[in-house]
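Can you look at this prediction? I've put the sequence above it.
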Amino acid sequence: MHGLINRSIQCFLRDTYGSAVWDAVAREAQLGFSGFEAMLTYDSGLTERVITAACTVLGRSRESILEDLGTYLVSHRNVEAVRRLLRFGGVTFADFLNSLEDLPERGRLAVPDLDIPDLVLIEGADGTALLKARATMPGVGHVAVGLLRAMADDYGALVVLDHLGAHDGWETVSIRILDRAWTAGRRFELARGAA
């Protein structure tokens, strides 16, 4: 697993719950080191150990932790670059949804060996869409639910999301947009201002 993913999990746990919780997770997972290096590659079993340890330390389900991780990747100030990458997908939440299939390639432009799950969006006639994510790790669909919920808030859309389960290596999330302009959403500018 790419170190950037492992580092994101570490930062999520540290930024959300504090350094002491991250230290406890690292001990429970028997990492043998204090943190991940973003540009290294780690055995995927190590990622699983960290997620399992987080569930144990926090007393929370895997699904809820992964969903919160997805939300963190969009909404926390320490990972603003992820939000910017996602917002390049379009002006509206519907545009963003239609750009999701291109996300793995956009991510690899920034980090060539980053393993982002393949994504397929299937639009239904009733206004409901299905997002299918090829599971690079079990629970990637729950990360997608958190990410989609945060992006809907970012765009100001009101949506209902539901993780429908996993089948043949794919996890499926149903997406129903109830109101495309529920709130004003968060401000986003294509070009960053001078620092």
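That came through fine. Numbering: from 1, shown residues only.

Give me the residues contacting the helix or strand bottoming out on mean pLDDT in the chain.
Least confident helix or strand, the chain: helix 103-110 with a mean of 78, by mean pLDDT, DSSP states H and E. If you take C-beta atoms under 8 Å, 6 or more residues apart in numbering as the criterion, helix 103-110 is touched by 85-86, 88-89, 114, 116-119. Placement of C-beta: from N, CA and C, glycine included.

Which PyMOL command selects the buried ones in these?
Per 16 or more other C-beta atoms under 10 Å, the buried members of the contacts of helix 103-110 correspond to this PyMOL selection:
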select buried, resi 86+89+116+117+119
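
quick one: the residue nearest the centre of the chain and Leu161, what's the gap?
Central residue of the chain (C-alpha atoms, centre = their mean): Gly70, 3.2 Å from the mean position. Gly70 is 10 Å from Leu161, where distance means C-beta to C-beta, to the nearest Å.

list residues touching both of the two?
The contact sets of Gly70 and Leu161 overlap at 145, 148-149 (C-beta under 8 Å, 6+ apart).

mind listing the strands for this structure?
Applying DSSP state E to the chain gives strands spanning 119-123, 128-134, 158-167, 170-179.

For Ala20, find the nearest of the ones you listed.
Shortest distance between Ala20 and the strands of the chain, using C-beta to C-beta, is found for strand 158-167: 30.3 Å.
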